[in-house]
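A.B. asks: sequence and predicted structure, then a few things I'm wondering about:
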Amino acid sequence: MAPHSSPTSGLKADLRNSALARRDALDIELRREGSARIAEDIAAIPGLARAEIVGAFWPIRSEVDPRPLIRHLFDRGQRVALPKVTPSGLVFREWKAGEALVRGSFGLSEPRDDLPPLDPTALIVPLAAFDRRGHRIGYGRGYYDQAIARLSLNGPVLTIGVAFSVQEIDEVPAESHDQPVDHLVTEAGPVSLVRT
């Protein structure tokens, strides 16, 4: 699947690269402690506790590590699905603690192909940059925007973006296909979103 090409693609790429450089520069211990705080704040979101299946992700590079959150979810009896990148977009498959993951596209750790696909009703969404309107810049291929749009056909999907505070920018140049998140959480706490 090709990245979306538009007049704002170059601007988004510059904003993405700058935000990721700031994230990469964070101290490893700060990222570890920050990920634990983010997990606690996300676990406290009331709507998340009602989701039977939560779509999460396995971290790469300097991303927020959602594994502390995944442990919270398991502790309270929720099921977790992880994404697999396919030619038609993200497919979520259930993952249980201790199960081996396989190496996928872009260096991702993904669930095995023989596991049945599931449609989560809540998604923990990784991102490169965000603004206070709940708009995000992903990694440039639109996978999460498409997944949110597809899953929303089944009913409401609770979306929670996770990032470090250094990834905030003044304004994401949002386009019609971009899907804003319902909540955004950083190591500094939940971000107060301004809806326009």
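C.D. replies: Perfect, thanks for sending it.

A.B. asks: so who does the most centrally placed residue in the chain touch?
C.D. replies: Using CA atoms, centre = their mean, the residue of the chain that lies closest to the mean C-alpha position is residue 125, 1.5 Å off. Contact partners of residue 125, counting by CB atoms under 8 Å, 6 or more residues apart in numbering, are 136, 144, 148, 159, 160, 161, 162, 181. Using the backbone N, CA and C atoms, a C-beta is placed for each residue, glycine as well.

A.B. asks: using the three-state scheme, assign the fourth one.
C.D. replies: The three-state label given to residue 159 by DSSP: H, G, I helix; E, B strand; the rest coil is strand.

A.B. asks: give me every residue that touches the closest residue to residue 162 other than its chain neighbours.
C.D. replies: By the measure of CB to CB, 6 or more residues apart in numbering, the closest residue to residue 162 outside its immediate chain neighbours is residue 64, 4.4 Å from it. Neighbouring residues of residue 64 by CB under 8 Å, 6+ apart: 31, 34, 35, 38, 126, 162, 163, 164.

A.B. asks: most neighbours, which of those?
C.D. replies: Note: the member of these with the most neighbours is residue 162, at 30 neighbours, neighbours being other CB atoms under 10 Å.

A.B. asks: surely it meets residue 66?
C.D. replies: Yes. Counting by CB atoms under 8 Å, residue 162 does reach residue 66; the two are 6.6 Å apart.

A.B. asks: need the pLDDT of residue 109.
C.D. replies: Among the per-residue scores, residue 109 holds a pLDDT of 86.

A.B. asks: residue 178 now?
C.D. replies: 85.

A.B. asks: which ones are touching it?
C.D. replies: Neighbour list for residue 178: 135, 136, 145, 172 [criterion: CB under 8 Å, 6+ apart].

A.B. asks: that one and residue 34, how far apart?
C.D. replies: 25 Å (CB to CB, to the nearest Å).

A.B. asks: need the strands for this structure, in chain order.
C.D. replies: Remark: strands of the chain, listed N- to C-terminal, are 53-55, 79-86, 89-95, 102-103, 109-110, 117-118, 122-126, 129-130, 136-137, 158-162, 183-186, 189-190; assignment by DSSP state E.
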